[in-house]
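Peer 1: Sequence first, predicted model second:
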Amino acid sequence: MPKTSIKPMLNLRKDTSSEYFTLVIQILRLRKRSLIFTPYRLRPEEFDARLGAAVNRRRTREHAAFIDTVNRYIAHRIADLRRVVADLEREGKPFEAADIAALFCQRDSNRYVSSYFKARIEELRREGKYGTAYSLATTLTTFEHFAAGKPYQLDEIDRPTVLAFRHYLVREGLKPNTVSFYLCKLRAVYNRSVLEGYAPKEAEPFAGIPLRIEKTRKLALDDATLRRVAAAELAGEAAVARDLFLLSFYCRGMSFVDMAYLRKSDIQGDTLRYRRRKTGQLFTVRLLPEAQAILDRHIAPESPFALPILLHRHDEGHTPAGPCRGTTPDERSRYEQELYALYQQNRTFYLGLLRTLSRHMALENNLSFNMARHTWASRARRKGIAMSIISEGLGHTTEKTTRIYLDEIDARQIDEANRIITAL
């Protein structure tokens, strides 16, 4: 088997007037050479070619620390290059120095937080997981604002860095659950990078840092308010937003993203059969007359989708998203990304309409599609429906998640009992 030489050296050039030269790592294989350029520049007397190491010639504490950093960098990169060579040899295919350098550069790029995040985001998009990809993209944007231009490597994510990021989020005025959201996403990506060898296994930068999501106030509507919303005289887009809210309630708290992607082919007689976008779980829902009436009111004949959510909005009117015309994987991927962008835009649009309606009706809290889901769960609980049935209806994998929806209802029941008990 051909031998591979990996050797650090200075890139000495005669066409420069500088007294500093770039430190490179030379790869020789089959009489061909490739160079890996490092971020360090040294004087010739600061590098011992025989030892393949930087040396301290200034005898100062600061320079000694710099030389130590350079030598640790050399050791790590040479070890990485040897792992690349070993991996290529295991494949059993012929390779040259350029192949070693290319694979190393690809892996080395993934050592940076930004590059690794972007690679993970692209991977999720290829898998069609656009929601998760979007959440990682917003996390990366926030982390890059915190980094202020510094190219963090994954092995630089230590406890002080995580605490500094957390402090930055708090200082920016983000709510506790939003802070926890970004930290959890950063932790998930970091843990994956550890498994793939881009960050050290022994480091535990998130240990002891609280990431628990705080309980938020549940906003289920009471029966009287729900009836007011259902009976409100509305027209235009406001009526559509209200109908979508009610459809979610009538269909066991159906999520907005599932309503957006609901296809006409998912409606079979008086039954909906669809898969949840979040979990892939198959749902079968018997349509109530009220739900059927909403679907009949808003069906768009020129669209494959059952509801007018995935629309291209423009001044001349609205154009519904059509079926995918592409045949290649790339074309289908672009189509799915366009659909998801429409979903995000129109989700914001309809939530804005619900907020306007809430102010118009002087409601205590703004309507939202998640509120319709909470309302269904809370009314089921008040009617004495078993927790297991409510959990199944909502599509929760455990009753623990369902209890998060119902904690406020239970608290109100306890308060009412306390009122009765303490009445003198």
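Peer 2: Noted; the coordinates are in hand. Computed from a predicted structure; not experimentally measured.
Peer 1: in the protein, what spans have low per-residue confidence?
Peer 2: 213-218, 316, 392, 395-424 (pLDDT under 70).
Peer 1: domains for it, by residue range?
Peer 2: Domain ranges of the chain: 4-109, 113-195, 223-414, per automatic domain parsing.
Peer 1: and these as a markdown table, adding mean neighbour count and distance to Pro205?
Peer 2: C-beta here means a position set from N, CA and C on the backbone, and glycine is covered the same way. Shown next, in a markdown table, are the domains of the chain (neighbours: other C-beta atoms under 10 Å; distance: least, C-beta to C-beta, whole Å):
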| stretch | mean neighbour count | distance to Pro205 |
| --- | --- | --- |
| domain 4-109 | 14 | 19 |
| domain 113-195 | 16 | 5 |
| domain 223-414 | 16 | 28 |
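Peer 1: okay if I get those domains as CSV plus distance to Lys201?
Peer 2: Listed next are the domains of the chain as CSV, based on distance: least, C-beta to C-beta, whole Å:
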stretch, distance to Lys201
domain 4-109, 15
domain 113-195, 6
domain 223-414, 29
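Peer 1: Looking at the ones you listed, spot the one closest to Leu211.
Peer 2: domain 113-195 (5.2 Å; C-beta to C-beta).
Peer 1: mind checking how far the closest one is from the chain centre?
Peer 2: Relative to the centre of its chain, domain 113-195 is centred 9 Å away, using C-alpha atoms, centre = their mean, to the nearest Å.
Peer 1: and the end-to-end length of that domain?
Peer 2: End-to-end span of domain 113-195 (C-alpha to C-alpha, to the nearest Å): 15 Å.
Peer 1: Quick one: name whatever helix or strand follows the helix or strand harbouring Ser114.
Peer 2: Using DSSP states H and E, Ser114 falls within helix 113-126. Next along the chain after helix 113-126, taking DSSP H and E as the criterion, comes helix 130-147.
Peer 1: so that following helix versus helix 113-126, what angle?
Peer 2: Counting by axes from the mean of the first three to the mean of the last three C-alpha atoms, to 10 degrees, helix 130-147 lies at 170 degrees to helix 113-126.
Peer 1: In contact with Asn118, which residues are there?
Peer 2: Actually, residue 118 is Lys rather than Asn. Taking C-beta atoms under 8 Å, 6 or more residues apart in numbering, we find Lys118 in contact with Leu140.
Peer 1: returning to that earlier point: now for the domains of the chain, which one comes closest to Ile209?
Peer 2: Closest among the domains of the chain, once you apply C-beta to C-beta, is domain 113-195, at 5.9 Å.
Peer 1: which residue ranges form the helices in the protein?
Peer 2: Assigned by DSSP state H, the helices in the chain fall at 61-91, 97-109, 113-126, 130-147, 159-171, 176-195, 223-231, 236-250, 256-260, 289-298, 329-360, 369-382, 387-394, 399-422.
Peer 1: Please tell me how far Ala235 sits from Ile36.
Peer 2: Per C-beta to C-beta, to the nearest Å, Ala235 is found 67 Å from Ile36.
Peer 1: quick revisit: would you mind giving the helices of the chain as JSON lines with distance to Gln153 added?
Peer 2: Formatted as JSON lines, the helices of the chain follow (distance: least, C-beta to C-beta, whole Å):
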{"stretch": "helix 61-91", "distance to Gln153": "10"}
{"stretch": "helix 97-109", "distance to Gln153": "10"}
{"stretch": "helix 113-126", "distance to Gln153": "7"}
{"stretch": "helix 130-147", "distance to Gln153": "11"}
{"stretch": "helix 159-171", "distance to Gln153": "11"}
{"stretch": "helix 176-195", "distance to Gln153": "10"}
{"stretch": "helix 223-231", "distance to Gln153": "52"}
{"stretch": "helix 236-250", "distance to Gln153": "44"}
{"stretch": "helix 256-260", "distance to Gln153": "35"}
{"stretch": "helix 289-298", "distance to Gln153": "51"}
{"stretch": "helix 329-360", "distance to Gln153": "30"}
{"stretch": "helix 369-382", "distance to Gln153": "38"}
{"stretch": "helix 387-394", "distance to Gln153": "42"}
{"stretch": "helix 399-422", "distance to Gln153": "36"}
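Peer 1: what's the closest of those to Arg43?
Peer 2: helix 61-91 (11.1 Å).
Peer 1: what angle do that closest one and helix 97-109 make?
Peer 2: Counting by the same axes, to 10 degrees, helix 61-91 points 120 degrees away from the direction of helix 97-109.
Peer 1: tell me the angle the helix holding Ser114 makes with helix 159-171.
Peer 2: Relative orientation of helix 113-126 versus helix 159-171 (the same axes, to 10 degrees): 70 degrees.
Peer 1: shift numbering so it begins at 285
Peer 2: New numbering, starting at 285: the last item is helix 397-410.
Peer 1: Packing partners of the top strand by length along the chain?
Peer 2: In terms of residue count, the longest strand belonging to the chain (DSSP state E) is strand 316-326. In this structure, strand 316-326 packs against strand 305-313, helix 345-375, helix 381-393, with contacts taken as 3 or more C-beta pairs under 8 Å, 6 or more residues apart in numbering; DSSP states H and E.
Peer 1: Would you mind extracting the C-alpha trace of the first one into PDB?
Peer 2: Meaning strand 305-313. C-alpha atoms of strand 305-313 as PDB (Å, rounded to 0.1, in the frame of the first residue of the first chain):
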ATOM      1  CA  PHE A 305       5.300  32.900   6.400                       C
ATOM      2  CA  THR A 306       2.200  30.800   6.600                       C
ATOM      3  CA  LEU A 307       2.300  27.600   8.400                       C
ATOM      4  CA  VAL A 308       1.100  24.800   6.200                       C
ATOM      5  CA  ILE A 309       0.700  21.000   6.500                       C
ATOM      6  CA  GLN A 310       2.100  19.200   3.500                       C
ATOM      7  CA  ILE A 311       0.500  15.900   2.300                       C
ATOM      8  CA  LEU A 312       2.600  13.700   0.000                       C
ATOM      9  CA  ARG A 313       1.200  10.500  -1.700                       C
END
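Peer 1: what lines up beside that strand in the sheet?
Peer 2: Sheet pairing of strand 305-313 (DSSP bridges) gives strand 288-294 (antiparallel), strand 316-326 (antiparallel).
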